[in-house]
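1. Need the 3D shape of this:
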Amino acid sequence: MKTQKHHTSTQTTTATLVLGGNGKTGRRVVEALHAQGRKVRIGSRSASPSFDWNDSSNWGEVLEGVSEMYVAYHPDLAVPGASEHIRELVALAKEKAVRRIVLLSGRGEEEAQLCERIVMHSGVPATVVRCSWFNQNFSESFLRGMVVDGTIALPVSTVREPFVDVNDIADVAVAALTEDGHAGEIYEITGPRLMNFAEVAQEIAVHTGREVRFVEIPMEDFVAGLRAADLPDGMVELIQYLFTQVLDGRNESLGDGVQRALGREPRDFSDFVADAHASRAWDA
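-> Next up is the predicted model:
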């Protein structure tokens with residue numbers, strides 16, 4: 001449980017850099033930091049100065065005047081080259097006197113945990129926010145269309161996941177960026193219960209009145225559907241990896257990261273469904 005963690009004073013001359021600041025977690029981190037009156041710099045290819053994981057030529061400029069940094073790697077820490085990028089970034093962050101790093105990591109991904117070790121041994125006080133599957137993948141990502149169409153068709157059977165609300169992830173990340181007492185922590189962020197995809201479909205159907213069902217399909221049919229939707233090859237390979245090597249039951253357990261970091265219980269999947277339905281996230 002949360003104990004004796006104190007907010008640091010709001011910085012007026014330095015900024016918090018949020019890499020992936022337009023993504024599902026980063027956008028919420030930016031909003032929360034702005035609400036606290038903090039100066040925020042979004043790291044993305046569309047920002048000025050821009051940030052591109054595949055071009056480090058101006059990373060030094062992006063890190064000028066940065067006191068804390070939230071790192072959400074795109075597309076995923078599991079992809080080849082991610083660890084080299086993370087190693088270069090944190091070394092530069094140390095040179096630039098960044099005082100805190102918070103890394104968004106993937107639960108059950110060996111490659112992601114290599115990146116965790118790089119950050120935790122960087123010499124900069126760091127916190128790892130290690131997460132399971134996002135609830136919002138069903139409302140803001142590639143699974144939304146399946147919910148809208150009424151059939152969640154995936155190459156999985158009865159494996160269960162502790163689906164997590166990205167608002168909980170953002171809350172933990174902001175606490176680690178702005179409070180003392182989180183350095184050196186690895187927070188396992190999960191929802192409060194395990195669910196398989198059939199139970200997810202049933203829960204959405206019950207709470208929204210929509211007809212939503214789950215259907216198990218062969219991997220080759222799933223991949224063919226991703227390619228037909230014009231997803232880039234790298235994204236198709238990443239999703240295939242997640243469904244074959246991560247969704248194998250290794251994450252069928254609950255974490256206590258929300259409780260330890262925030263001193264409260266994580267949001268339940270039913271809360272997410274109610275919020276998404278109220279915001280008309282599944283309107284066609």
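2. From Leu33, how far off is Ala15?
-> As for Ala15, its distance to Leu33 is 9 Å (criterion: Cβ to Cβ, to the nearest Å). All C-beta spots, glycine's among them, are computed from the backbone N, C-alpha and C.
3. shared neighbours of those two, anything?
-> Jointly contacting Ala15 and Leu33 under the rule Cβ atoms under 8 Å, 6 or more residues apart in numbering are Val40.
4. The two: which has the busier surroundings?
-> Neighbours were counted for Ala15 and for Leu33 using other Cβ atoms under 10 Å; Leu33 has more, 24 against 20.
5. Contacts only, for that one.
-> Leu33 makes contacts with 16, 18, 40, 174, 177-178, as judged by Cβ under 8 Å, 6+ apart.
6. can you put the residues you listed in JSON lines and add distance to Val212, pLDDT and secondary structure?
-> Compiled in JSON lines, these are given as follows (distance: Cβ to Cβ, whole Å; pLDDT from 0 to 100; DSSP: H, G, I helix; E, B strand; the rest coil):
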{"residue": "Thr16", "distance to Val212": "38", "pLDDT": "98", "secondary structure": "strand"}
{"residue": "Val18", "distance to Val212": "33", "pLDDT": "98", "secondary structure": "strand"}
{"residue": "Val40", "distance to Val212": "37", "pLDDT": "97", "secondary structure": "strand"}
{"residue": "Val174", "distance to Val212": "32", "pLDDT": "98", "secondary structure": "helix"}
{"residue": "Leu177", "distance to Val212": "36", "pLDDT": "98", "secondary structure": "helix"}
{"residue": "Thr178", "distance to Val212": "38", "pLDDT": "97", "secondary structure": "helix"}
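7. Most neighbours out of these, which is it?
-> Of the contacts of Leu33, Val18 is surrounded by the most neighbours, 29 neighbours in total, counting by other Cβ under 10 Å.
8. Tell me what that one is bridged to.
-> With DSSP bridges applied, Val18 shows beta-bridge pairing to Ile42, Tyr70.
9. Isn't it up against Val40?
-> Yes: counting by Cβ atoms under 8 Å, Val18 does reach Val40; the two are 6.1 Å apart.
10. what residues do the two have in common as contacts?
-> By Cβ under 8 Å, 6+ apart, Val18 and Val40 have these common neighbours: 30, 33.
11. Would you map the strands across the stretch 101-250 of the chain?
-> 126-131, 151-154, 186-189, 213-216 (DSSP state E, counting those that start in this stretch).
12. Just put these in CSV and tack on mean pLDDT.
-> Listed next are those as CSV, based on pLDDT from 0 to 100:
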stretch, mean pLDDT
strand 126-131, 97
strand 151-154, 96
strand 186-189, 98
strand 213-216, 97
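13. Of these, give the one that comes closest to Tyr241.
-> Closest of the strands of the stretch 101-250 of the chain to Tyr241 is strand 151-154, at 14.2 Å (criterion: Cβ to Cβ).
14. quick one: contacts of stretch 192-206?
-> Defining contact as Cβ under 8 Å, 6+ apart, one finds that stretch 192-206 is touched by 138, 147, 152, 154, 156-163, 210-214, 252-254, 265-270, 273, 282.
15. List buried residues within those residues.
-> Among the contacts of stretch 192-206, those buried by neighbour count (16 or more other Cβ atoms under 10 Å) are 138, 147, 152, 154, 156, 159-163, 212, 214, 254, 266-269, 273, 282.
16. distance of Met219 from Val236?
-> 11 Å.
17. so after the lowest-mean-pLDDT helix or strand in the chain, what's the next helix or strand?
-> Between all helices and strands in the chain, the lowest mean by mean pLDDT, DSSP states H and E belongs to helix 233-241, at a mean of 85. Sequence-wise, the next helix or strand downstream of helix 233-241 (DSSP states H and E) is helix 257-262.
18. and that next one, what other elements does it pack with?
-> The contact analysis (3 or more Cβ pairs under 8 Å, 6 or more residues apart in numbering; DSSP states H and E) places helix 257-262 against helix 166-178, strand 186-189.
19. Thr151 reaches Ile217, doesn't it?
-> No: judged on Cβ under 8 Å, Thr151 makes no contact with Ile217 at a distance of 9.6 Å.
20. what's the burial count for the nearest residue to Leu104 once chain neighbours are set aside?
-> When the adjacent residues along the chain are set aside, Leu104 lies closest to Ala72, with 4.5 Å between them (Cβ to Cβ, 6 or more residues apart in numbering). For Ala72, the count of nearby residues is 25 (other Cβ under 10 Å).
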